[in-house]
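Undergrad: Okay, structure incoming, though there's no sequence with it:
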Ligand code: NAP
């Protein structure tokens, strides 16, 4: 596309926002069906989440042989992953390979943030506006904006006063950061921090880790992939992918359990936990089939991890501070690390327990807690995201009657199957709230949603319809169902970002859907029944 001219709106069949895994697949798939499709992205490169999260140690916590597209057999045969858990640079190389291989870049405009999307009820079109004031008009818009893509910068007193450098893990400088000789503070101890801390500690003169809530983490045991492992996957890829898609709860293949942690004696249980701990990765959470639903079983797993923390961290008081105690393990996303706990044995690393000595303010020269002033040259905010909804509510999206999506979602996001929201016709979301998204191998979920949206658009085209939206009735039932499913587990028992609890003032509603295979069946059923629950029309 030639450089858009603010004086003339760009006309498309489908406008896609976001050039990450979701947007790229949607572009490829829809373009093949003859639609005029174009992708807009705020970054100066493609990759979405995997473009922005370039902090040291950034790595996927799902195994690389599973964390990749499944829609092109030759692609999955040709691409060579090198490590069990791929690094961010390797994933970005993969994304570039896909874009080049399928000639995607010619339909992508970078450095372009979509700031508004307004529905025209008479014309049944969306008008998107870019930060350069360009308008894009299309009957359909697809928000492939990601679920962990709106970084959260907490409102920390004094942050603007700090004279040193401030970095956010989700907006890391492209050329990297040299921490050698510096006194560095990492604020936050979630997955991003847990990956970055061991790497920063190797460089920094001194590292202070500011922890409000400790997290549970399991070792990755990352290693180079062997030719045998790669061959086993590749010789059976179609069947393994089918199995992941249709027969698992999360789209990732693990050694799945068959029994409850309470059905075995303590020695057997600990041997199982030990074996999984030695093998590494999130496989640990699948040791027994009731770890996320039964409090006693959950406690067995949590106690095991706490024992491991105490075995690893030499100073008992420090180990205690690193042990989570006030929420069930797995109720927050389990972290997968390389030497996280051991890093606290280094002489140049200090844990600052903000529960004991609360944060007071950032100063010109560092950070003040109730106990002391800590001098810092650089501050890393590993403070997470306005997850699941932030990327959407930060855009001024207005549907029927000028209603804003942000207002509609002020008491928690309301969407049907995470793909559309009532009152916002022709606006699709990929892995939106109410879909498995973050509780799944997100690439599997992305493919499922993009396939479903494509089938839906082809259906509309075949019957000459111009407008689709879910009814409020099915949407309400779905939101209730999402929460009922969650309530049968321990997941709502933590103040997690799944619940919106990491953002002051955000409604506390469980947002993702638990159960990928069930979700897929439901989506297929809805489509097979002529998009049951959706209102389809020629016009308004
Ligand atoms: P996160 O899990 O939300 O962690 C944010 C951290 O910042 C928490 O420790 C939080 O403490 C702290 N924090 C936020 N605001 C604070 C405040 N005002 N005062 C004190 N502490 C504050 O974010 P994340 O680590 O970026 O991870 C988010 C998700 O991204 C993960 O759960 C995972 O799904 C995904 N992720 C995946 C990978 C991977 O594939 N390996 C890597 C990174 C991230 P509290 O807990 O007390 O709120």
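TA: All right, it came through fine. Predicted, not measured: the structure shown is a model, and the values here were computed from it.

Undergrad: what's the pLDDT at the residue in the stretch 251-400 of the chain that the ligand sits nearest to?
TA: Across the stretch 251-400 of the chain, the shortest distance to the ligand (Cβ to the nearest ligand atom) belongs to residue 384, at 2.5 Å. Any C-beta I mention is one placed from the backbone N, CA and C, and that applies to glycine too. Predicted confidence (pLDDT) for residue 384: 98.

Undergrad: can you count the residues close to the nearest residue to it once chain neighbours are set aside?
TA: In this structure, residue 384 finds its nearest non-sequential neighbour in residue 152, 5.0 Å apart by Cβ to Cβ, 6 or more residues apart in numbering. Per other Cβ atoms under 10 Å, the neighbour tally for residue 152 reads 18.

Undergrad: List the contacts of residue 152.
TA: 383-386, 390, 502-503 (Cβ atoms under 8 Å, 6 or more residues apart in numbering).

Undergrad: What is the nearest of the residues you listed to residue 117?
TA: residue 390 (15.5 Å; Cβ to Cβ).

Undergrad: Count the neighbours of that closest one for me.
TA: Residues lying near residue 390 (other Cβ under 10 Å) number 21.

Undergrad: cool, the one 3 residues further on as well?
TA: Residue 393 is flanked by 20 other residues according to other Cβ under 10 Å.

Undergrad: for the ligand, what are the nearby residues on the stretch 251-400 of the chain?
TA: 333, 336, 354, 359, 382-385 (Cβ under 6 Å from any ligand atom).

Undergrad: for whichever strand or helix holds residue 240, packing partners?
TA: Under the criterion of DSSP states H and E, residue 240 resides in helix 237-247. With contacts defined as 3 or more Cβ pairs under 8 Å, 6 or more residues apart in numbering; DSSP states H and E, helix 237-247 has these neighbours: helix 73-78, helix 442-463, helix 516-528.

Undergrad: contacts for it?
TA: Residues contacting helix 237-247 (Cβ under 8 Å, 6+ apart): 66, 70, 73, 76-77, 233, 251-253, 441, 444, 447-448, 516-517, 520.

Undergrad: go again using 6 Å as the cut-off
TA: Surrounding helix 237-247, the residues in contact under the criterion Cβ atoms under 6 Å, 6 or more residues apart in numbering are 70, 76, 251, 253, 444, 517.

Undergrad: Look up phi and psi at the residue in the stretch 151-300 of the chain that the ligand sits nearest to.
TA: Nearest residue of the stretch 151-300 of the chain to the ligand: residue 190, at 2.2 Å (Cβ to the nearest ligand atom). For residue 190, the backbone dihedrals are phi -90, psi -160 (criterion: degrees, to the nearest 10).

Undergrad: show me the contacts for it.
TA: residue 384.

Undergrad: on that earlier part again, most neighbours per residue, which of the helices and strands packed on helix 237-247?
TA: When those are scored by mean count of other Cβ atoms under 10 Å, the highest mean neighbour count falls to helix 442-463 (a mean of 20).

Undergrad: so what secondary structure elements neighbour whatever helix or strand comes next after it?
TA: With elements assigned by DSSP H and E, the helix or strand that comes after helix 442-463 is strand 467-470. Of the remaining helices and strands, those touching strand 467-470 by 3 or more Cβ pairs under 6 Å, 6 or more residues apart in numbering; DSSP states H and E are strand 534-537.

Undergrad: Cool, thanks, talk later.
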